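In: quick check, what structure comes out for this input:
(2 chains)
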Amino acid sequence: MTALGVKGLDKSFGGLRVTSNVTFDVEPGERRLIIGPNGAGKTTLFNLITGELAPDAGSIVLNGQDITRVPSRRRPHLGLARTYQIITLFARDTILRNVTLALLGLSKLRWDPFIDLDRQHHLIEAAQAALARVGLDHIADRPLSQTSYGERRRVEIAMALAQNPSVLLLDEPFAGLSIDERRDVQQLLLAIPRDVTIVMIEHNMDVALEFAERITLLHFGEVIVEGSRAEVVSDPRTREVYLGH
Amino acid sequence: MTAVTARRAALALSGIALITLPIWVGNPYYINVASQILLFAIFALALNVLVGYGGLVSLGHAGLFAMAGYTGALILQAGHGHFVADLAAVLVTVAASAVFGILALRSTGIGFLMITLALGQIVWGIAYRWASLTNGDNGVNVSSRPAPFGFSLAGADSFYFATLAVFVVALVTMALFVRSPFGASLRGARDQSRRMNALGYNVWLIRFLAFLFSGFWTGVAGLLFIYYNQFVSPQVAALTTSAEVLLMVISGGTATLLGPIAGAAIVVIMKNVVSAYVVRWNMVLGIIFVAIITFMPEGLVPGSVRFWKMGWQAWRRRGAVAPTAKLGERAP
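Out: Residues are numbered from 1 along each chain as shown, chains lettered A, B, ... in the order given. Coordinates of the predicted model:
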């Protein structure tokens, strides 16, 4: 059973076709890299997988279950988590509260209007544990507005990991990071256990290639090359549309 | 003294001041003004759930406020008791809130504001034009105030204590709501609705339930209002009422518990007390609002806290600098 299967996925905005018959399977535990030039449809593909956009045609299967028509808000409950290319966090809250919100999203407690959230020790401890995984537990109570860009990237990843996903979609996790921050995030991603399948969009090929086991190259919304790291890098089409000569 | 101790002390002092208010105020007119402040504070707190914590600015809440008033007044006029009238008024208001919410939550931002404005105006239009039901511009009279457990609310003092009791329940409920997981979810939906959706939250349902909660307390405030005035007219449902309560929330400080209460106090005191001495009290109220928005854009309560902290820090800096200057004088 594949962890994530995408079959014949089409999406158009008016006359502009952004994904066209996109098909690929990701095996459990796999590290898959999605590459392609700007405008290739990579983030749109993530938005289709998470349900933020509805496909015109095609299907999406998560751990054997067809989720094509499942509302986007239900997909995290089925084991799908994501991070965003443009950091999307709760700027008025602390780091800890950001991660607590991620945990709360999968808990029935989120509907409770009368208990004190700060006294839900099991949630707070789980959030602290998620922050410890990304090395931010020592600044858990710091307001998000007082954190660096690299720390925010790690908060994004902590929020996704806190939900204990089976499939994690990472949208350019290294974008905008310094060399040191990039190394930290790389170590963090390499430490994620194999029970989490990872699909990552990334432009920084130095770090991405080290991480990827299989690569899918998108161009104008179509999969033009797919295969192992060596196969895709050596393919002349990859050099032509993405890596350059 | 720690911040928590100071807060508890302030809370205890406020409680004592409110409970003993009829004794030290004495004059029934001013006790009635205090009752008005409390009932409008409930209304402003209810609106603040949407405006402050939900990021949804409503200009139609006067419609819900009036709906509770008209339902209660008409049922009483039909000969039913206060319990039936009150229960029906709250139920009708919550049901109307559900309709308002379903229609208005198709949008957010300006769209939400315009839909709620339109819905509020529909209620005003019905109150004004459906004269066979609402008695049109002449309004509906309420012959008596209730007497729960034999405790008559006819006097200024007793009505004040009843309003205070309801106000305390509303405030405690709001405080619990704000600190709860659901309150955190509502604030999350305000700040990053897309992210909340991706985290597994049903953003629409969170906002809808918050609308019902807000509608419930708006209905309670509407009931207190008709019992206070013993009269309801289309003016209660007018846009000016919605705008006035929105001003209470914004001027006092959105997404705070004390802000709407402070805002309600300013507006009610200006309308009922200052208007007796200043003919152009509306202008004075306008100047106060402009001053608040200019110097405390976050609202009166959070703005005052900011100024207090700035003053405190400046005072501590002065205290820290003084000995250094003395040392500098001795240096040569």
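
In: so which bits of chain A are right by chain B?
Out: A:50, A:52, A:72-77, A:82, A:84, A:88-93, A:97, A:100-102, A:104-107, A:109-118, A:120, A:159, A:163 (Cβ under 8 Å from any Cβ of the partner chain). C-beta coordinates here come from the backbone N, C-alpha and C atoms, glycine included.

In: these in strands, which ones?
Out: Per DSSP state E, strands hold the following members of the residues of chain A next to chain B: residue A:82.

In: of the residues of chain A next to chain B, just the buried ones, PyMOL syntax please.
Out: Here is the PyMOL command that selects the buried residues among these (16 or more other Cβ atoms under 10 Å in any protein chain shown):
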select buried, chain A and resi 50+52+72+73+75+76+82+84+88+89+90+93+97+100+101+102+104+105+106+107+109+110+111+112+113+117+120+159+163
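
In: quick one: the helices in chain A?
Out: With DSSP state H as the criterion, chain A has helices at A:42-50, A:95-104, A:121-133, A:149-162, A:179-190, A:205-211, A:229-234, A:236-238.

In: what sits up against the third one?
Out: Just to be clear, that refers to helix A:121-133. A:95-96, A:99-100, A:102-104, A:107, A:109, A:117-118, A:137, A:140, A:155, A:158-159, A:161-162, A:188, A:191 (Cβ atoms under 8 Å, 6 or more residues apart in numbering or on different chains).

In: ok, now with 6 Å
Out: A:96, A:99-100, A:103, A:137, A:140, A:158, A:161-162 (Cβ atoms under 6 Å, 6 or more residues apart in numbering or on different chains).

In: what pLDDT, on average, does stretch A:47-54 get?
Out: The predicted model gives stretch A:47-54 an average pLDDT of 96.

In: could you dump that stretch to PDB, C-alpha only?
Out: Taking C-alpha atoms only, stretch A:47-54 is exported to PDB below (Å, rounded to 0.1, in the frame of the first residue of the first chain):
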ATOM      1  CA  ASN A  47      -2.600  22.600  -2.300                       C
ATOM      2  CA  LEU A  48      -4.400  19.900  -4.300                       C
ATOM      3  CA  ILE A  49      -3.100  17.100  -2.000                       C
ATOM      4  CA  THR A  50      -4.100  19.000   1.200                       C
ATOM      5  CA  GLY A  51      -7.500  19.900  -0.300                       C
ATOM      6  CA  GLU A  52      -7.000  23.700  -0.200                       C
ATOM      7  CA  LEU A  53      -7.700  23.400  -3.900                       C
ATOM      8  CA  ALA A  54     -10.200  21.000  -5.500                       C
END
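
In: returning to that earlier point: okay, the contacts of helix A:121-133 in JSON lines with pLDDT next?
Out: Formatted as JSON lines, the contacts of helix A:121-133 follow (pLDDT from 0 to 100):
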{"residue": "A:96", "pLDDT": "97"}
{"residue": "A:99", "pLDDT": "97"}
{"residue": "A:100", "pLDDT": "97"}
{"residue": "A:103", "pLDDT": "97"}
{"residue": "A:137", "pLDDT": "94"}
{"residue": "A:140", "pLDDT": "96"}
{"residue": "A:158", "pLDDT": "96"}
{"residue": "A:161", "pLDDT": "95"}
{"residue": "A:162", "pLDDT": "96"}
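
In: residue B:42: which of the residues you listed is nearest?
Out: Closest approach to residue B:42 among these (Cβ to Cβ): residue A:100, at 30.3 Å.

In: mind giving me the packing neighbours of the worst-scoring helix or strand of chain A on mean pLDDT?
Out: Sorted by mean pLDDT, DSSP states H and E, the helices and strands of chain A end with helix A:205-211, the least confident at a mean of 84. The helices and strands touching helix A:205-211, judged by 3 or more Cβ pairs under 6 Å, 6 or more residues apart in numbering or on different chains; DSSP states H and E, number zero.

In: just to revisit the earlier point, any chance of the contacts of helix A:121-133 in TSV, plus distance to residue B:59?
Out: TSV is the format used below for these (distance: Cβ to Cβ, whole Å):
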residue	distance to residue B:59
A:96	36
A:99	36
A:100	34
A:103	36
A:137	45
A:140	40
A:158	40
A:161	42
A:162	39
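
In: what's the burial count for residue A:56?
Out: 14 (other Cβ atoms under 10 Å in any protein chain shown).

In: mind listing what it touches?
Out: Contacts of residue A:56 (Cβ under 6 Å, 6+ apart): A:10-12.

In: now do residue B:327, the pLDDT please.
Out: For residue B:327, pLDDT reads 49.

In: the one 3 residues further on now?
Out: Listed pLDDT for residue B:330 reads 48.

In: ok, residue B:278 next?
Out: 87.

In: can you tell me the closest non-neighbouring residue to the residue nearest in space to the middle of chain B?
Out: Nearest to the mean C-alpha position of chain B, counting by Cα atoms, centre = their mean, stands residue B:44 at 1.3 Å. Among residues not flanking residue B:44 along the chain, residue B:260 sits closest, at 3.4 Å (Cβ to Cβ, 6 or more residues apart in numbering or on different chains).

In: count of residues packed around the one you found?
Out: Residues near residue B:260, counting by other Cβ under 10 Å: 33.

In: my understanding was that it contacts residue B:45; is that so?
Out: Yes: because the distance of 4.9 Å satisfies Cβ atoms under 6 Å, residue B:260 is recorded as touching residue B:45.

In: can you tell me the SS state at residue B:266?
Out: Using DSSP: H, G, I helix; E, B strand; the rest coil, the structure places residue B:266 in helix.

In: quick one, what contacts it?
Out: Residue B:266 neighbours (Cβ under 6 Å, 6+ apart): none.

In: may I see the buried residues of stretch B:84-92?
Out: Buried-residue list, stretch B:84-92, by 16+ other Cβ under 10 Å: B:85-86, B:88-90, B:92.

In: now, which of these lie within helices?
Out: Going by DSSP H, the helices hold B:85-86, B:88-90, B:92 from those.

In: tabulate those residues (CSV), appending pLDDT and distance to residue A:239.
Out: Shown next, in CSV, are those (pLDDT from 0 to 100; distance: Cβ to Cβ, whole Å):
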residue, pLDDT, distance to residue A:239
B:85, 97, 80
B:86, 97, 77
B:88, 98, 75
B:89, 98, 74
B:90, 97, 70
B:92, 98, 70
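
In: against which helices or strands is the helix or strand harbouring residue B:228 packed?
Out: Assigned by DSSP states H and E, residue B:228 falls within helix B:203-229. Counting contacts by 3+ Cβ pairs under 6 Å, 6+ apart, helix B:203-229 is packed against helix B:28-48, helix B:61-77, helix B:82-104, helix B:181-191, helix B:193-198.

In: near chain A, which residues of chain B are found?
Out: Those residues of chain B that sit near chain A, judged by Cβ under 6 Å from any Cβ of the partner chain, are B:176-177, B:179-182, B:184-185, B:188, B:191-192, B:195, B:197, B:199-202.

In: switch to 7 Å and redo it
Out: Neighbours of chain A within chain B, by Cβ under 7 Å from any Cβ of the partner chain: B:176-177, B:179-185, B:188, B:191-192, B:194-195, B:197-202.

In: so where is the chain shaky, pLDDT-wise?
Out: You didn't say which chain, so I picked chain A. Where chain A drops to pLDDT under 70, the residues are A:245.

In: not what I meant, chain B
Out: Checking chain B against pLDDT under 70 turns up B:1, B:321-332.

In: now residue B:148. Its backbone dihedrals?
Out: Backbone geometry at residue B:148, expressed as degrees, to the nearest 10, gives phi -60, psi 130.

In: nearest residue to it in space, please, no chain neighbours.
Out: Residue B:148 sits nearest to residue B:162 (Cβ to Cβ, 6+ apart), 7.4 Å away.

In: brilliant, that's me finished.
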